[in-house]
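Participant: Let me see the structure of the following:
(one chain, ligands or ions: 1)
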Amino acid sequence: MNWRWLGFLAAIVVIILVVWWLLPGDKAYYKMDVQEIDQDIRRISKEDWPIQERMRYYSERFLGAPYELLAEGDGPYAKYDQAPLLNLKKVNCMTYCEIVMALSLSDYYADFNNILQNIRYDKGIIGMATRNHYTMADWKSANSWCLDDVTKQIGREDTRKLERMISHQQFFASKDIYDIPLMRRDRNVTIDYIPLAKLSDHSDRLRTGDVVALIQDAEGIFSAHMLLIIKVQEKIFFRHASMSADETIDSEFRDYIQGLEKNRRYLGMSFMRLKSEINWRAADHYYGKFNTPVPVIPRKEWGAAVPVNEGEIHTPEAITLHHTAIEYTGTPPVEEHLQSIQAFHQQQKGWIDIAYHFLIDRDGQVYQGRPLRWVGDSSTDYDLNGKVLVCVLGNFETQEPSSLQIESLKRLCTDLIIEQQISLQNISTHREETDETLCPGKNLIREIDKDDFIKDIEELVRVQT
Ligand SMILES: [Zn+2]
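Facilitator: The predicted structure follows:
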């Protein structure tokens, strides 16, 4: 053996070591610690890879990962589901897709965790009510900042439509949860899907990293399973956390579809794809904020008319509380009721828009009124500049406010205090501003005057900031 030979051997050893280190197969994220994963994400983020390559790389990191149906929840401080917010050791079909998506969009570990929560929760607000439980009804639309529905683009003339009623109320009832005051309303949702028998005809338009929802024939729900598309040259695989295999596996495209076709429960598939341009501004609206701010039902959803004119701009710095002084117990439907209040304000009062910035119905639902940046209106004489006008629907001289209205009122005030940096001392009732009125009515005033009204808001502000 001469020196040259030895040098050659040493070079081979070095090459083998380098190749071994670069080989992705050994980097199973479900076996690695946070520091190792952080370093790997940082390394990959510096590579000039298209998003599909990242999806391929990160999806591979979980091949063989153990399956766990209840892999993730709302974290240890949650009221209903204390499973961890993030679990890389075990995955289910949905958490698997979410984790791979979030990794593909991130530059380091903490970034990944934040993006993940923005994908799992509506506006990233962590809680049972805001979790994107339903893939097609909640998750897809809440993630329109990063995902496009490409079903029609792929299935073209073979795309079918399906409409179903989605009920969070029933969903939570099935979990024995009855005390979420601000859950999403029951609604009809229509989706696109491609029938199983037609999928092979359109498979050339699939891309690595496409997120798949398996559509089932069932009441009140669309998706039965979530999977990722992986293409290796001409071959296509579904990569998914499989309950039956009890781990994350690759399934050959045609074989898997043939298997599904034997079960009449499965109808077809819908496809979603990560955008090439992510709308980060939409994603980090509530970045990392815990607890549940009040969902506000937008003007468009209650059929508000267009403001007659632009409003006068102000900076919100105080909140005044009102009632409509119209007895209201739910008839006519709240949309009509709001429309008639707005019509009265615009047509009889000659105001540009509904007077109030927010309105709260008996179910505790909050509706967006006049844009917050515009000064409100009043029939009485007091300084409206900087005031956020919050109106509880009803006549509380004669009626009692509902407990859900009070709860929402507290939460809405909390959000306004945090987001608009309004001081807790700057909450007042209309009647405190002027004695020309009884508004917001003696029964509501009694609730507001209770010690725990302000204390509860104080506590909510404390836990949310
Ligand atoms: Zn008032």
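
Participant: May I have the phi/psi pair for the residue positioned nearest the centre of the chain?
Facilitator: In the chain, the residue lying closest to the centroid (Cα atoms, centre = their mean) is residue 122, at 1.6 Å. The phi/psi pair for residue 122 (degrees, to the nearest 10) reads phi -60, psi 120.

Participant: Roughly how far does it sit from the ion?
Facilitator: Distance from residue 122 to the ion, counting by Cβ to the ion, to the nearest Å: 32 Å. In short, each C-beta sits where N, CA and C put it, glycine included.

Participant: Surely that residue and residue 139 touch.
Facilitator: No - counting by Cβ atoms under 8 Å, residue 122 stays clear of residue 139, with 9.2 Å between them.

Participant: Check the stretch 151-300 of the chain for the residue nearest the ion and tell me.
Facilitator: Nearest residue of the stretch 151-300 of the chain to the ion (Cβ to the ion) works out as residue 296 at 19.8 Å.

Participant: from memory that residue sits against residue 366, does it?
Facilitator: Yes - here residue 296 reaches residue 366: they are 4.9 Å apart, a contact under Cβ under 8 Å.

Participant: Counting neighbours, what do you get for the residue of the stretch 151-300 of the chain closest to the ion?
Facilitator: 18 (other Cβ atoms under 10 Å).

Participant: can you check residue 380 too?
Facilitator: 13.

Participant: returning to what we had before: overlap in contacts of residue 296 and residue 366?
Facilitator: Common contacts of residue 296 and residue 366 (Cβ atoms under 8 Å, 6 or more residues apart in numbering): residue 358.

Participant: what's the helix or strand for the closest residue to residue 374 other than its chain neighbours?
Facilitator: Nearest residue to residue 374, sequence neighbours excluded (Cβ to Cβ, 6 or more residues apart in numbering): residue 311, at 2.7 Å. Residue 311 belongs to no helix or strand when assigned by DSSP states H and E.

Participant: Local confidence estimate at residue 311?
Facilitator: You'll see residue 311 listed with a pLDDT of 85.

Participant: same deal with the one 5 residues further on?
Facilitator: With respect to pLDDT, residue 316 scores 92.

Participant: what domains does the record give for the protein?
Facilitator: According to automatic domain parsing, the chain comprises the domains 23-283, 296-464.

Participant: quick one, which of the ones you listed is nearest to residue 16?
Facilitator: Among the domains of the chain, the nearest to residue 16 by Cβ to Cβ is domain 23-283 (10.4 Å).

Participant: what's the spacing between the closest one and its chain's center?
Facilitator: Distance of domain 23-283 from its chain centroid, counting by Cα atoms, centre = their mean, to the nearest Å, is 13 Å.

Participant: rounded to a whole number, what's the mean pLDDT of it?
Facilitator: Rounded mean pLDDT across domain 23-283 is 92.

Participant: need the contact list for the residue nearest to the centre of the chain.
Facilitator: By Cβ under 8 Å, 6+ apart, the residues touching residue 122 are 130-132, 138, 142, 295.

Participant: What of residue 44?
Facilitator: Residue 44 is in contact with 54, 57-58, counting by Cβ under 8 Å, 6+ apart.

Participant: From those, which land in strands?
Facilitator: If you go by DSSP state E, the contacts of residue 44 have nothing in strands.

Participant: Tell me the most packed of these, by neighbour count.
Facilitator: residue 58 leads the contacts of residue 44 on contacts (other Cβ under 10 Å) with 25 neighbours.

Participant: unless I'm mixing things up, it is touching residue 98, no?
Facilitator: No - counting by Cβ under 8 Å, residue 58 stays clear of residue 98, with 11.3 Å between them.

Participant: Tell me how far the nearest residue to residue 404 once chain neighbours are set aside lies from residue 3.
Facilitator: Counting by Cβ to Cβ, 6+ apart, residue 404 lies nearest to residue 364, which is 3.2 Å off, once chain neighbours are set aside. Using Cβ to Cβ, to the nearest Å, residue 364 is found at 83 Å from residue 3.

Participant: And those two? Which one has more around it.
Facilitator: residue 364 (20 against 7).

Participant: Need the three-state assignment for the more buried one.
Facilitator: Secondary structure, DSSP: H, G, I helix; E, B strand; the rest coil: residue 364 is coil.
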